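Undergrad: Return atomic coordinates for the entry below.
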Amino acid sequence: MSVADAVGRTLAELGVAYAFGVVGSGNLRVTNALVDGGVPYVGARHEMGAACMADAYSRATGQVSVLSVHQGCGLTNALTGIAESAKAHTPVLVLSGDTAAGDVRSNFFIDQDAAAAAVGAIPMRIHSARTATADAARAYRVALYERATVVLSMPIDLQDEDAPDPAAPEPVAAPTPAGPSPESVAAMVRMLSHSERPVVVAGRGAHGAREPLRALAEATGALLVTSAAGRGLFVGDEWALDIMGGFATEGAADLIRDADLLLAFGVALNDWTTRGGDLTRHAAIVQVDDRAEAIGAHRPVALGVIGDAAAVAEAVTADVRRTGAPRTRYRTPEVRERVAAARYWSDQPVDPERVDGRVDPAEAINALDRMLPLERLVITDGGNVNCYAGAHLRVPDVRGYSIPLAFQSIGLGLASAIGIGCSQPERLPVLGTGDGAFLMTSVELETAVRLGMRMVIIVFNDSAYGAEVHLFPDEVPRMGLIRFPDTDIAAIARGYGCDAMTVTSLADLDEVATWLEDDSVRRPLVIDAKITGVASWMMARDSGH
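TA: Model (predicted):
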């Protein structure tokens, strides 16, 4: 057995859930070994697309996925997607070929460890034939239990060496979640005793803590809300707002802004989530995270608690119930009505801009929200139009939402939609993207068609890099660099084998209903929505740009 075969077999036995990649000579054998070991594999058309697929799959499932790439240029092509994954703390294991030891004259040679570290990933490598399986197992465990993106470099000369017959890898024992100290629980309970308007906000680090956080909020009279990355966690709870930050409705923002105590679980509280601090300036903040470096990284906090979100919530709830009866606090009849009215953007009034041959994007996305099945996977791309899919489309639960914006890149949405679609094939992926972002990575339409993936892609087409149009209003006479001729995106999509339509009025959306009625269709529907040039409300409400 070669080293490449041994590495692939070991990772398959440890539990790699899915693999994505672009195969070259430097990663062919290890990828085949993964597939032979039973790991499903999707071949993308570009390495960045494959990276985004792996990132989205692992975000949705919490399982380790593999990104398989060729040495040198294969890795550099993937770096934007790897940076997105690393910044989001996604458990992705990148298997990258590497040049032979000392072959610094190779066209493929780069310092792969330095490249990985530069974008926030953890560089690791196969050191020898004797240690190959142990090296691979170590990389897998780091990805899984440190919620990290790991780049495992495999020199091509080592890959061809004979590996000792590997023993079956030892079971990967999950570490016990960190619990809170008695002092931190007591401090949280004291702060709650003085609070009249508490709000519990959860991020992606609290994905497994839905019921403990709901119980804590009930015991303390708190409202519930999530960051964008945690969206969907509290769907169905009558005291839950949909989302905090730039995507919040104004009614939701008012309720959060009026809080006197924010209990933040597994959430970064960055500028996007807090609207540059506007939503948190009047509240004391308790930040709970299992990573010490996350506490206070973006906002000053009154109390930092190191521990697992569910474990901390359970301990505080038990102490609150032990020391007294639950209080109503923020859960009054009047606030219940405000929460219900402010929860979803699709329920808010729209004052549409009327332009012949164009649709108002908010009005169009609200119509699609009512039309599309709720058993959906909502994905938003980067750019000024991210608010329309990202905020207006409702989601069924926390696994039904993917927002690949940790690196603030555009063009990651289409591949992310394919990745999350692989994780939940029973649901309909719905992507919102802009014309600029879509055209950057439209090559992955072929991947979706090849997979027979039923999905809806809404392209908000303003024939521009629209964020810059809105960010530099004084530069209107010099917008030629970021404005483009109208592109027939529907025709491009049909060329890849997709169904496609052009929307210039709300009446054109009737074609979507017709497409949805035929469950046998197993290919994407691309909607080229020619939108008005309205300024994005997201731009006006966020300071994180």
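Undergrad: drop to CA atoms for contacts and neighbour counts, all remaining ones
TA: Will do.
Undergrad: So what pairs up with residue 96 in the strands?
TA: In this structure, residue 96 bridges to residue 69, residue 153 when assessed by DSSP bridges.
Undergrad: wait, isn't it in contact with residue 75?
TA: Yes. The pair residue 96 and residue 75 qualifies as a contact (CA atoms under 8 Å) at a distance of 6.7 Å.
Undergrad: Mind listing the shared neighbours of the two?
TA: Here residue 96 and residue 75 have residue 69 as joint contacts, going by CA atoms under 8 Å, 6 or more residues apart in numbering.
Undergrad: who's more crowded, these two?
TA: residue 75 (29 against 26; other CA atoms under 10 Å).
Undergrad: What backbone torsions are found at that one?
TA: Note on residue 75: its backbone torsions stand at phi -70, psi -40 [degrees, to the nearest 10].
Undergrad: Spit out the contact partners of it.
TA: 47, 69, 96, 112.
Undergrad: Check the burial of the last one by counting its neighbours.
TA: The local packing count at residue 112 equals 23, with neighbours defined by other CA under 10 Å.
Undergrad: again, but for the first one
TA: Neighbours of residue 47 under the rule other CA under 10 Å: 28.
Undergrad: what about the residue nearest to it when sequence neighbours are not counted, helix or strand, and which?
TA: Closest residue to residue 47 apart from its sequence neighbours, by CA to CA, 6 or more residues apart in numbering: residue 78 at 4.7 Å. Element membership for residue 78 (DSSP states H and E) is helix 73-87.
Undergrad: Could you list the low-pLDDT ranges of the stretch 101-250 of the chain?
TA: For the stretch 101-250 of the chain, the stretches with pLDDT under 70 are 166-168, 171-172.
Undergrad: the strands in it, which residues?
TA: All strands of the stretch 101-250 of the chain, identified by DSSP state E, counting those that start in this stretch, fall at 122-125, 149-155, 198-202, 223-226.
Undergrad: quick one: which of the ones you listed is nearest residue 437?
TA: Of all the strands of the stretch 101-250 of the chain, it is strand 149-155 that lies closest to residue 437, at 24.0 Å by CA to CA.
Undergrad: quick check: angle from the closest one to helix 73-87?
TA: Per axes from the mean of the first three to the mean of the last three CA atoms, to 10 degrees, the angle that strand 149-155 makes with helix 73-87 is 160 degrees.
Undergrad: Determine the set of other helices and strands touching strand 149-155.
TA: If you count contacts as 3 or more CA pairs under 8 Å, 6 or more residues apart in numbering; DSSP states H and E, strand 149-155 packs onto helix 73-87, strand 92-98, helix 112-118, strand 122-125, helix 132-145.
Undergrad: one more time with 7 Å, if that's ok
TA: strand 92-98, strand 122-125, helix 132-145 (3 or more CA pairs under 7 Å, 6 or more residues apart in numbering; DSSP states H and E).
Undergrad: What lies in contact with the second one?
TA: Counting by CA atoms under 7 Å, 6 or more residues apart in numbering, strand 122-125 makes contact with 113, 116-117, 135, 139, 149-154, all of which sit outside it.
Undergrad: Reformat those residues as CSV; add distance to residue 254.
TA: Listed next are the contacts of strand 122-125 as CSV, based on distance: CA to CA, whole Å:
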residue, distance to residue 254
113, 46
116, 42
117, 41
135, 51
139, 45
149, 37
150, 41
151, 43
152, 47
153, 49
154, 53
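Undergrad: between the contacts of residue 75, which is nearest residue 332?
TA: Using CA to CA, the contacts of residue 75 come closest to residue 332 at residue 47, 51.8 Å.
Undergrad: Residue 359 versus that closest one, what's the distance?
TA: 34 Å (CA to CA, to the nearest Å).
Undergrad: now do residue 318
TA: Residue 318 is 52 Å from residue 359, by CA to CA.
Undergrad: hmm, back to that, residue 415 is nearest to which of the helices and strands packed on strand 149-155?
TA: Among the helices and strands packed on strand 149-155, strand 92-98 sits nearest to residue 415 (CA to CA), with 15.1 Å.
Undergrad: can you list the weak-confidence ranges in this structure?
TA: For the chain, the ranges with pLDDT under 70 are 166-168, 171-172, 325, 464, 466, 468-471, 473, 475-477, 534-545.
Undergrad: Would you map out the domains in it?
TA: Residue ranges for the domains of the chain, per automatic domain parsing: 3-159, 182-342, 347-541.
Undergrad: Can you report how many residues lie near residue 120?
TA: Around residue 120 there are 20 residues (other CA under 10 Å).
Undergrad: who's in contact with it?
TA: 83, 86-87.
Undergrad: Let's see that with 10 Å instead.
TA: Residue 120 makes contact with 82-89, 114, 148-150 under the criterion CA atoms under 10 Å, 6 or more residues apart in numbering.
Undergrad: Tell me which two of those sit farthest apart.
TA: Taking CA to CA, no two of the contacts of residue 120 sit farther apart than 88 and 114, at 19.6 Å.
Undergrad: So those two - more neighbours on which side?
TA: Legend: neighbour count by other CA under 10 Å for residue 88 and residue 114, higher for residue 88 (21 against 13).
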